[in-house]
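Chemist: Provided below for reference: sequence and predicted model.
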Amino acid sequence: MTTETFVVAYEGGDGDTSLIDYAIERAKKDGAQLLLVHILEWSPYSFLTPQELEERKQRRAEELERAKSAVLDPAMEKVKAAGIAVDCRLKFGNVVELIAEIAAQEDAAMIFVGRAGSQSMAARVFGSVPIGLAQVAPVPTVIVP
């Protein structure tokens, strides 16, 4: 019998404490492991000079390292302290598309995502990450308040 994987779409904000707590609780009940996924949105610029592209590449690497140490590492420590197996993925791109893609690649059983997020008019009109995942995810998506 293989262990189920639950993907946790983790932003690392103040509202994500209940998300991690709920994911830990569910993983304990179901004997599952967690995969924390943090996506940094990064738009491609095709009109930059080679020098600008190189500088951007360096900034991107620095941003990945900062996100790993400031966002994912503390969350992973919390999950490990609870006795749950955990791994993480950190990528640049479209949040909804990449989380759904990772869930499919990892044959995840479920995705957990926090409800907190932008309450801007754009988010209400065009949708948010939780709503986007609920629409396109290949597995059930649990929106945690």
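Modeler: Happy to help now that I have it.

Chemist: Quick check: residue 90 touching residue 75?
Modeler: No - with contact defined as Cβ atoms under 8 Å, residue 90 does not reach residue 75; the gap is 11.4 Å. Glycine gets a C-beta too; all of them are placed from N, C-alpha and C.

Chemist: Show me which of the two is the more surrounded one.
Modeler: Between residue 90 and residue 75, counted using other Cβ atoms under 10 Å, residue 75 has the larger neighbour count: 22 against 17.

Chemist: which residues touch that one?
Modeler: 10, 12, 16, 20, 36, 88 (Cβ atoms under 8 Å, 6 or more residues apart in numbering).

Chemist: Likewise for residue 79?
Modeler: 20, 23-24, 27, 34, 36, 86.

Chemist: Check residue 132 too.
Modeler: By Cβ under 8 Å, 6+ apart, the residues touching residue 132 are 95-96.

Chemist: secondary structure class for residue 39?
Modeler: Classification of residue 39 using DSSP: H, G, I helix; E, B strand; the rest coil returns strand.

Chemist: bridging residues for it?
Modeler: Residue 39 forms beta bridges with residue 91, as assigned by DSSP bridges.

Chemist: For it, give me its contacts.
Modeler: 9, 90-95, 98-99.

Chemist: Kindly recompute the last result at 10 Å.
Modeler: 9-11, 67, 89-99, 102, 129 (Cβ atoms under 10 Å, 6 or more residues apart in numbering).

Chemist: quick revisit: find residues that contact each of residue 90 and residue 75.
Modeler: Residues touching both residue 90 and residue 75 (Cβ under 10 Å, 6+ apart): 10, 36, 38.

Chemist: Downstream of the host helix or strand of the second one, the next helix or strand is which one?
Modeler: Here residue 36 is covered by strand 33-40, with elements defined by DSSP states H and E. Once the chain leaves strand 33-40, the next helix or strand it forms, by DSSP H and E, is helix 50-67.
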